[in-house]
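**Q** Generate a structure from the sequence data that follows.
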Amino acid sequence: MSDDFTIESNANTVLAAWSTYPKKVQQAALRGLTRGLILAEQAVRTGAQLRFTGSRAGLLSRLTSYCATTPRGGLYGVIGFRRTRGFPYELAQEFGAKAKGGGAMAIPVSREAKLLGQRGGSARDFPGTLFRPKGTNVLAQSGRHRWANQYGKGNSEFMVHYVLVKSISPRLHFRDSVAGAVPTIADQILTEVARAR
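**A** So this is what the prediction gives:
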């Protein structure tokens, strides 16, 4: 097959005729899809109304993308979140969630509670006794605890592990952000394919 061909102005056309293109064009399209998905990840992070703490356990740090060729000569790309064993927290952030009548949802805030959540545990599985300090919406563990935050270090009579909430409003906007990034992904594919001609 000749290396001289015309690319249509639509990335879907490029992908539909995938198996007919030379190897270097296929590799270029793969590079473009990879770059486009990385830009889509950035669009999700920017579009989310969530605070990104930088924690390896955090929701946005689990955002990932992957693309590859298939054994039958196809190309695919995926964007989403690495799995955890517990409740899919990203669904609550995307669609919102509401506690059952008279109940509350326990959101892990301490390192220990977040690690437990990653292993599929909840506040009920927390090692040690948790209590709700009077007048608060938190679950804490009693005893002397050292703490540190942006204001300095100190001691406390209890350590907060969970915050209790009645509802979570939709604030991830994953679907909207990815849909908005589709033209960027297409542009990246077409740019790389055009360079490979």
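**Q** What is the burial count for Phe158?
**A** Residues near Phe158, counting by other C-beta atoms under 10 Å, number 17. Backbone N, C-alpha and C define where each C-beta goes, glycine included.
**Q** Walk me through the domains of this structure.
**A** If you go by automatic domain parsing, the domain ranges for the chain are 11-85+171-196, 97-168.
**Q** Helices along the protein, start to end?
**A** All helices of the chain, identified by DSSP state H, fall at 11-16, 23-47, 89-95, 111-118, 174-196.
**Q** can you list those in CSV and add distance to Tyr162 and mean neighbour count?
**A** Shown next, in CSV, are the helices of the chain (distance: least, C-beta to C-beta, whole Å; neighbours: other C-beta atoms under 10 Å):
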stretch, distance to Tyr162, mean neighbour count
helix 11-16, 45, 16
helix 23-47, 25, 19
helix 89-95, 13, 17
helix 111-118, 6, 17
helix 174-196, 25, 17
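**Q** Can you lay out these as TSV showing distance to Ala104 and mean pLDDT?
**A** Formatted as TSV, these follow (distance: least, C-beta to C-beta, whole Å; pLDDT from 0 to 100):
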stretch	distance to Ala104	mean pLDDT
helix 11-16	46	64
helix 23-47	28	93
helix 89-95	13	84
helix 111-118	15	84
helix 174-196	25	91
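**Q** Let's have the ones you listed in CSV, adding distance to Arg83.
**A** Shown next, in CSV, are the helices of the chain (distance: least, C-beta to C-beta, whole Å):
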stretch, distance to Arg83
helix 11-16, 27
helix 23-47, 17
helix 89-95, 10
helix 111-118, 10
helix 174-196, 15
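**Q** what sits against the spatially most central residue of the chain?
**A** Per C-alpha atoms, centre = their mean, the C-alpha nearest to the average position across the chain is that of Leu63, at 3.0 Å. Contacts for Leu63 (C-beta atoms under 8 Å, 6 or more residues apart in numbering) come out as Glu41, Val44, Arg45, Ile79, Gly80, Phe81.
**Q** Quick check, Val138 in contact with Phe131.
**A** No - counting by C-beta atoms under 8 Å, Val138 stays clear of Phe131, with 9.6 Å between them.
**Q** more crowded one of these two?
**A** Higher neighbour count among Val138 and Phe131: Val138, with 18 against 11, using other C-beta under 10 Å.
**Q** who's that one bridged to?
**A** Per DSSP bridges, the residues bridged to Val138 are Val163.
**Q** Let me see the confidence value for it.
**A** Reading off the confidence values, Val138 has pLDDT 90.
**Q** Just list the residues touching it, thanks.
**A** Counting by C-beta under 8 Å, 6+ apart, Val138 has contacts Arg132, Val160, His161, Tyr162, Val163, Leu164.
**Q** Same check on Arg82?
**A** With C-beta under 8 Å, 6+ apart, Arg82 has these contacts: Arg62, Thr64.
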